[in-house]
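# A predicted structure for the sequence below; I have some questions about it.
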Amino acid sequence: MAFSLPNLPYPAEALEPVIDKTTMEVHHGRHHKAYVDNLNKALESAADLQKKSIEDLLKNIKTAPENIRTAVQNNGGGHANHSMFWEIMASPGKGGGGEPGGELKTAIDSAFTSFAEFKNKLKTAATGRFGSGWAWLAWDGKALQVYSTANQDSPLMQGHTPVLGIDVWEHAYYLKYQNKRPDYVDAWWGVVNWKAVADRLTKARSGK
Ligand code: MN
């Protein structure tokens, strides 16, 4: 079965003014779609891999056939990363923004001392990534970690579970923020869906 582009869980303008409608339309309808199309193309010659979940494909990327490994890493990573990205955002003030609570707050406080320190760390990771990539909050099996990856590499490729990730490719912010990646990162907190992030942590901790 071929992989398919998931619908956005909200209208393209839902994240305004933090992320503008045109950026969302191009990012989802063209960039994410291209990752899905190119992943399916790469897997045409590997019927057994077509049946795997995207998470399994990325966890086992090192065993993918060498002739398609880079294509699966880039496009499979792109598909998984963006599928998560849409889900962990929501309209500002309507599910997006604010601060984490409950188990997620406790886990963040224990790993980074405070929510403010966590935000600093993620911003440093996001702005310090040279070129294209992602900054992550990931569960490593025992604790939360913040780091960045290049291109479309996913924490899944090193056995971690992505709990939250911010896309810092220029295509994610250039129309509205131009070269001001730090401004985009600061504004992005206003659309984070902490409920969705908390659910991802709960799942990661239970090993699912
Ligand atoms: Mn992107």
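Here it is on my side, so go on.
# So Ala138: helix, strand or coil?
strand (DSSP: H, G, I helix; E, B strand; the rest coil).
# cool, and Gly207?
For Gly207, the secondary structure call by three-state DSSP comes out as coil.
# I'd assumed Ile166 was in a strand, is it?
Yes. Counting by three-state DSSP, Ile166 is part of a strand.
# for it, what are its contacts?
By CB atoms under 8 Å, 6 or more residues apart in numbering, the contact set of Ile166 is 85, 122, 126, 134-135, 185, 188. From N, CA and C alone the C-beta is placed, and that goes for glycine too.
# Please identify the buried residues of the longest helix along the chain?
Longest helix in the chain, counting residues (DSSP state H): helix 66-87. Going by neighbour count (16 or more other CB atoms under 10 Å), the buried part of helix 66-87 is 68, 72-87.
# who does the residue of the chain found nearest the ion bridge with?
Taking CB to the ion, the ion has its nearest neighbour within the chain at Asp167, 4.2 Å off. Judged by DSSP bridges, the bridge partners of Asp167 are Trp134.
# Centre of the chain to the one helix or strand in the chain whose mean pLDDT sits lowest, how far?
Least confident helix or strand of the chain, by mean pLDDT, DSSP states H and E, is helix 47-50 with a mean of 93. Relative to its parent chain, helix 47-50 has a centroid offset of 24 Å by CA atoms, centre = their mean, to the nearest Å.
# which residue sits closest to Glu87 in space, ignoring its chain neighbours?
Ala196 (5.5 Å; CB to CB, 6 or more residues apart in numbering).
# coming back round to it: ok, the residue of the chain closest to the ion - contacts?
Applying CB under 8 Å, 6+ apart to Asp167 gives the contacts 27, 81-82, 85, 134.
# any weak-confidence spans in this protein?
The chain contains residues with pLDDT under 70 at 1, 208.
# May I ask which of the contacts of Ile166 has the most neighbours?
Comparing the contacts of Ile166 by number of neighbours (other CB atoms under 10 Å), Trp134 comes first, having 27 neighbours.
# what about it, distance to Ser114?
Noted for Trp134: a distance of 23 Å to Ser114, by CB to CB, to the nearest Å.
# what does Pro17 give?
If you go by CB to CB, the gap between Pro17 and Ser114 works out to 27 Å.
# same thing with Leu175?
33 Å.
# Could you pull out the strands in the protein for me?
For the chain, strands defined by DSSP state E occupy the ranges 133-139, 144-150, 161-167.
# returning to that earlier point: so between Leu175 and Ser114, which is more surrounded?
Leu175 (14 against 11).
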